[in-house]
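**Student:** what shape does this take:
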Amino acid sequence: MATTSNLQMTSLLREVEKDGTGNANSTSERTLLDRMARFRQNPFDFAHELYLFIRGVGWRSYDNADVIGQPVFYPGYTAKIKGTVMRSPLLRKKLDELVEERLYREEKEELLSTGNATLRQIRKAELESSLDEYAALMVDKMMCKMESKFQIRSAFYMCTQLLTRVYSGVHVSEAEVTRLREVAKRAAAQKMPIVFLPRHTSHIDYVALQLICFRLGITLPVVVAGENLNFPVVGPFLQHRGAMWIRRSFDGDALYTTLVQAYIDTMLQQGYNLECFIEGGRSRTGKLLQPKFGFLSFLLDSVLSGRTKDAYICPVSMQYDKVIEVDSYVTEMLGNPKQKENLSGFLSSSSVLGMNMGRVDCRFQEPWSLREFVDSQLARTNATVKAQDGIDQTNPEVRTRLLRTLGYKVLADVNDVSVVMPTALVGTVLLTLRGRGVGRGELGRRVDWLRARINANGGNVADFHGSPTLEIVDRALNVLGPNLVGTIDGLAEETYYAVDRFQLSFYRNMTIHLFISEALIAVSLYTKVKQGGGRLVERIPEKDLAEQVAFLSQLSRGEFIFRTGQGLEHNFKHALEGLVEDEILEATEDEQQGRLIGLSQVERQRGRESFDFYCFLFWPFVDAAWLGAVSLLCLVPPTGSSTAWIEMKRAQALCQNLGRTLYHQGDLSYFEAINTEAIRNAYSRYQEEGIIRVSRQGVAKGSLLVQVAPDYMPERDVDSGTLQPKGRLWELIGRISEHRREGKNRRDPATVSTRVLDLASKLNLELFSEFDVDSSNEGPTQLRKSRQRRSKL
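**Tutor:** Residues are numbered from 1 along each chain as shown. Below is the predicted model of the structure:
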């Protein structure tokens, strides 16, 4: 006898094997992991499922003979891998180098006689033994220990029970699953690994992908995880079920770096699958973060050096109707420190069990060869490669370019396969409304419109399985809950409005990458539209529009992931022609100004619905960039002050406080613009542009100091010492402000400049009053010395 879930799995695998190409089911999806039997509801099925898991019947057994890939979960696995790592030529060479360096220092410091070869040999043996022991301990602490088949079966059962109490199921594309299994078979035959590179949205990501590989009968990947998760009880549990621990920072530790490289080399050479989150940490904003290159650097070095022949790269997208940690994300984005992971915090998350969090969708990009990627990139750049037993090294600049291209290609692939969930559709619509709320019927119509636009732009929407749109909308509203989306009783029609716009923006950001080019164009054109004057006046020459788009694109660099291989000019022209084709914009020829772009008459008759949608998507990011620039006014030293440097964390906290004040006073339209991620991104861009300068001198490890660059330093009035609304920084603020959404009580630029300057001057004086003035000391060390004096007091 088989349970329902077992029959579903058998059916899925039968269809997968039957359709080897995936063409027949290319658009279909299946719930790969659904809710298991509950004891109170059906005690017989519950007991039967538990019995099958304990015995390991059928696919539940995870027998090495039936698993696609290299054998795992057998006694002796850990000792085998550890021994291979310790024998790694790369590691042995590094250990020899460290021993020789130590001997050289001891001889130089006359701690060891230079003329006694016997003593030197004895000392060398002692150092080698000590280093070997130390390296073995580090490897043991770091490596994954997949020893027991019973442990993985029990973990699968427990994790499935917990996951399906929160989410209704995990959905996959049948065509993608088919393709992945076929690639896994080829990889296993060639003893090649598959490197899964998923986006990172939730701690659930760790569990979900492992469960999917288990259900598909693919060797579980070893998951590269941060040591912050290696806390008592939970850490060992994860380490014996697929996790390897890696430090967040290597701090120049050459031995640890080599150990990590040797371990990754070993796993790749042996054909074991790996998993690493390409963004490093979890995204707190809902959109993809910039790539972290640490793991990719190890991976690339292994292939470039020839130590590993090749590996399949498989970008993965995990999307959720609702993310468990969003509440804590909002708290962190508002400036509260991140809570350290511990057992009590882990157990407290059990409070979400039984809640309706919707479903999970997992999508796999078609795996591709890392070796072929490297070869194609080297051919394109005509890099000079030194051939010595394969590719041994490349020019450092070429290697850096390779690494960056690899990182952004993976993220672009993740975006390409990402699925937009119903909650993201509803959240996006609610945050792109001009009015206070929206009726139920209108909400359904706008969701349908958004679905169509996503599909037209090459995106993917979660399968509705034939359900009416309003039914899907109701489910999404139920998942989001009344704390995010509110309704008003007693009206002629059910009307919904955004309660927590900050938290709801997390779900809106899941769609923005699909429309960023259109949004840049719309907000650039808005600089003309908001001036009014009618159809003929609210137009802009195409070349000027392209210049405005380039400015905004540069301003938001680092916020979004664009498709690789397509430059700004291509994206601009493609998006512009699409907007014209959709009758949102129109293009007319003018003898003097060339091609003019403006709103079409059709779009005006539609009430600027589509145009406003694109503007609303991007306006929060314009506000964030404007806020970041305005906050630099607070960093201008008062007249007579010698303290020119401010701690970066203090400056960004002040920026957030400034943003709160401006929002509640009506000078900032979007509260989500004050989130810490947006502020950090703004400061990073201004550093790249030379608007601010950053220093590490004279501060604690991990801290930074910041000051406004001399070319952008605003002037002060000679008599009063007040900041003057002129100079390069003020011009930048003004140019960004042109693209901002017009709001109540701030249409007069003079009024805005007066209010903003007054507030900036107030915060400026408060900030610099915290530091003692010492005219004899200037530069970054001033901050450290003044703080030392205050601590003594």
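
**Student:** all contacts plus neighbour counts: C-alpha atoms, from now on.
**Tutor:** Will do.

**Student:** so what touches the strand or helix carrying Ala452?
**Tutor:** Counting by DSSP states H and E, the element that carries Ala452 is helix 440-456. Helix 440-456 is contacted from outside by 425-426, 429, 460-461, 469-470, 473, 493-496, 514, using C-alpha atoms under 8 Å, 6 or more residues apart in numbering.

**Student:** for ChimeraX, what selects the buried ones among those?
**Tutor:** Selection command for ChimeraX covering only the buried members of the contacts of helix 440-456, criterion 16 or more other C-alpha atoms under 10 Å:
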select :425,426,429,460,461,469,470,473,495,496,514
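
**Student:** show me the domain layout of the chain.
**Tutor:** Following automatic domain parsing, one gets these domains for the chain: 4-72+146-221+273-343+352-417, 419-512, 515-607, 613-792.

**Student:** adding distance to Ala262 and mean pLDDT, write those domains out as CSV.
**Tutor:** Formatted as CSV, the domains of the chain follow (distance: least, C-alpha to C-alpha, whole Å; pLDDT from 0 to 100):
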stretch, distance to Ala262, mean pLDDT
domain 4-72+146-221+273-343+352-417, 9, 82
domain 419-512, 36, 93
domain 515-607, 31, 91
domain 613-792, 28, 82
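
**Student:** now the strand or helix carrying Ala262: average pLDDT?
**Tutor:** Element membership of Ala262, judged by DSSP H and E, is helix 254-269. Mean per-residue pLDDT for helix 254-269: 96.

**Student:** I'd like the next helix or strand past it.
**Tutor:** Per DSSP H and E, helix 254-269 leads on to strand 274-275 as the next helix or strand towards the C-terminus.

**Student:** show me what that following strand is packed up against.
**Tutor:** strand 194-198, strand 222-226 (3 or more C-alpha pairs under 8 Å, 6 or more residues apart in numbering; DSSP states H and E).

**Student:** deepest-packed of the ones you listed, please.
**Tutor:** Mean neighbour counts were compared across these using mean count of other C-alpha atoms under 10 Å; the top stretch is strand 194-198, at a mean of 25.

**Student:** packing partners of that strand?
**Tutor:** strand 274-275, strand 312-320.

**Student:** closest to Val195 among the contacts of helix 440-456?
**Tutor:** Among those, Asn460 lies closest to Val195 (C-alpha to C-alpha), at 23.5 Å.

**Student:** quick one: contacts of the helix holding Ala262?
**Tutor:** Under C-alpha under 8 Å, 6+ apart, the answer for helix 254-269 is 81, 84-85, 88, 90-91, 94-95, 135, 138-139, 143, 191-193, 246, 250, 273-274, 298-299, 302, 307-309, 311.

**Student:** restricted to helices, list those.
**Tutor:** Among these, DSSP state H puts 81, 84-85, 90-91, 94-95, 135, 138-139, 298-299, 302 in helices.

**Student:** what is the nearest of the residues you listed to Glu591?
**Tutor:** Leu299 (56.0 Å).

**Student:** might you report the residue contacts of Asn39?
**Tutor:** If you look again at residue 39, you'll see it is Phe, not Asn. Neighbouring residues of Phe39 by C-alpha under 8 Å, 6+ apart: Asp45, Phe46, Ala47.

**Student:** buried ones among those residues?
**Tutor:** Asp45, Phe46.

**Student:** now, the contacts of Phe39 that are in helices?
**Tutor:** Asp45, Phe46, Ala47.

**Student:** ok, and the closest non-adjacent residue to the first one?
**Tutor:** Among residues not flanking Asp45 along the chain, Ala37 sits closest, at 5.9 Å (C-alpha to C-alpha, 6 or more residues apart in numbering).

**Student:** and the one you found, which of the three is it?
**Tutor:** Three-state assignment for Ala37 (DSSP: H, G, I helix; E, B strand; the rest coil): coil.

**Student:** ok, it touching His48?
**Tutor:** No. Contact criterion C-alpha atoms under 8 Å: Ala37 and His48 do not qualify, at 9.2 Å.

**Student:** so those two - more neighbours on which side?
**Tutor:** Between Ala37 and His48, counting by other C-alpha atoms under 10 Å, Ala37 is the more crowded of the two (20 against 15).

**Student:** ok, the residue lying closest to Arg434 once chain neighbours are set aside - contacts?
**Tutor:** Counting by C-alpha to C-alpha, 6+ apart, Asp612 is the residue found nearest to Arg434 once chain neighbours are left out, at 7.8 Å. By C-alpha under 8 Å, 6+ apart, the contact list for Asp612 reads Thr432, Arg434, Ala522.

**Student:** restricted to helices, list those residues.
**Tutor:** Among those, the members found in helices (DSSP H) are Ala522.

**Student:** just confirm Glu493 is within a helix.
**Tutor:** No. Per three-state DSSP, Glu493 lies outside any helix segment and is coil.

**Student:** quick one: the helices in the stretch 301-450 of the chain?
**Tutor:** 326-333, 343-348, 370-381, 396-417, 422-430, 440-456 (DSSP state H, counting those that start in this stretch).

**Student:** quick check, Met713 in contact with Leu729.
**Tutor:** Yes. When contacts are counted by C-alpha under 8 Å, Met713 is listed as touching Leu729 (7.0 Å).

**Student:** which residues do those two both contact?
**Tutor:** By C-alpha under 8 Å, 6+ apart, Met713 and Leu729 have no common neighbours.

**Student:** coming back round to it: which among the contacts of Asp612 end up buried?
**Tutor:** Buried residues within the contacts of Asp612, counting neighbours by 16+ other C-alpha under 10 Å: Thr432, Ala522.

**Student:** picking that back up, quick check: the residue nearest to Arg434 is in a helix.
**Tutor:** Yes. In this structure, Asp612 lies within a helix as judged by three-state DSSP.

**Student:** can you list contacts of whatever helix or strand comes next after the helix holding Ala452?
**Tutor:** On the C-terminal side of helix 440-456, the nearest following helix or strand under DSSP H and E is strand 460-461. Identification of contacts with strand 460-461 by C-alpha under 8 Å, 6+ apart yields Val417, Ser418, Val419, Val420, Met421, Pro422, Arg451, Ile454, Asn455.

**Student:** same thing but at 7 Å, please
**Tutor:** The contact list for strand 460-461, computed with C-alpha atoms under 7 Å, 6 or more residues apart in numbering, reads Ser418, Val419, Val420, Met421, Arg451, Ile454.

**Student:** identify the farthest-apart pair in those.
**Tutor:** Across these, no pair lies farther apart than Ser418 and Arg451, at 13.8 Å, counting by C-alpha to C-alpha.

**Student:** compare those two (neighbour count), which wins?
**Tutor:** Taking neighbours as other C-alpha under 10 Å, Ser418 and Arg451 compare with Ser418 leading, 25 against 19.

**Student:** and for the more buried one, nearest residue in space, chain neighbours not counted?
**Tutor:** Ser317 (5.3 Å).

**Student:** for Arg35, see how far away that neighbour is.
**Tutor:** 22 Å (C-alpha to C-alpha, to the nearest Å).

**Student:** so which bits of the strand or helix carrying Ser684 are buried?
**Tutor:** Using DSSP H and E, Ser684 maps to helix 676-688. Residues of helix 676-688 classed as buried under the neighbour-count rule (16+ other C-alpha under 10 Å) are Thr676, Glu677, Ala678, Ile679, Arg680, Asn681, Ala682, Tyr683, Ser684, Arg685, Tyr686, Gln687.
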